[in-house]
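Novice: got a sequence here, can you model it:
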Amino acid sequence: MRTFFTIFCLLVGVSWTTPAQAQDPMRVLVMGDSFMTSNGSRGSAVPKLLGKALGGARVTSRAATGARYVYGLPISGALGLNIPKQWRNGNWDWVVMNGGGNDLWLGCGCGTCGPRLERLISGDGRRGLIPQTVARARASGARVAYVGYLRSPGRGSPIEGCRVWGDKLEARISKMASRDRGTYFVSLARMVPNGDRSFHAGDMIHPSPKGSAAATALIAKTILRAR
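Specialist: The predicted model follows:
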């Protein structure tokens, strides 16, 4: 665990006591898919680490493994597999979210994904399920940090073929964020060195504890710089 905390300190550039202790703890809602839930059994999932990185922030996670934006089953969708339905009203300072990867991988096999991508987010970043979900969070007064995905280090990942569509998705999300001073895109595209498997779990899809820690540090850095 000490290694993960060291990554936080180096990337965030602050000590654990940096957030002003006189202020109320920051309130954060996490939404998304298995990127957010990975390593939970080890206490190293992004939401758990984020609370520590933000100096004791109150982090509530509604993220669920396998969650998508396009999800039609009502009961399991309400339980978290539909990302928009993960939203909960609250006095949130920040909403940290991700998603879209399962829609491209499982929804269209990272093949002919043009219509699915358009349903998620339009080319100008203004329309689609992702902008709608972000807009709902912003309407509550919270700021939003939208997190991208790890890239394969080129060492046999099953989702290597999704790179092109993933890049298109994130380019649109970045464009969406650029239009709103309260929305931030946290790219992880350059976080994994070529050939370095240590940021990924054994399946070469999800983050390892090291990957979750490094990603959390970048998220926390974005939030702390924006305060």
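Novice: which stretches of the protein have low pLDDT?
Specialist: Within the chain, the stretches falling below the threshold (pLDDT under 70) are 1-22.
Novice: the same query, at a cut-off of 50, please.
Specialist: 5, 8, 10, 14-21 (pLDDT under 50).
Novice: the longest helix in it is where?
Specialist: Across the chain, the longest stretch assigned as helix under DSSP state H is helix 209-226.
Novice: list the buried residues of that one.
Specialist: 209-224 (16 or more other Cβ atoms under 10 Å). For the C-beta atoms, the positions are set from N, CA and C on the backbone; glycine is no exception.
Novice: nearest to residue 187 among those residues?
Specialist: Each of the buried residues of helix 209-226 was scored against residue 187 by Cβ to Cβ, and residue 218 proved nearest at 8.2 Å.
Novice: that closest one contacts residue 191, correct?
Specialist: Yes. Contact criterion Cβ atoms under 8 Å: residue 218 and residue 191 qualify, at 7.0 Å.
Novice: a strand runs through residue 77, doesn't it?
Specialist: No. The assignment for residue 77 (DSSP: H, G, I helix; E, B strand; the rest coil) gives helix, which keeps it out of a strand.
Novice: skipping its backbone neighbours, what lies nearest it in space?
Specialist: Once flanking residues are discounted, residue 77 sits nearest to residue 71: 5.0 Å by Cβ to Cβ, 6 or more residues apart in numbering.
Novice: next, the contact list for the one you found, please.
Specialist: Residue 71 sits next to 77, 81, 82, 83 when contact means Cβ atoms under 8 Å, 6 or more residues apart in numbering.
Novice: now the second one: how far from residue 75?
Specialist: If I follow you right, that is residue 81. Applying Cβ to Cβ, to the nearest Å, the value for residue 81 to residue 75 is 9 Å.
Novice: looking at these two, which is more packed in?
Specialist: The residue with more neighbours, out of residue 81 and residue 75, is residue 81; 19 against 7, by other Cβ atoms under 10 Å.
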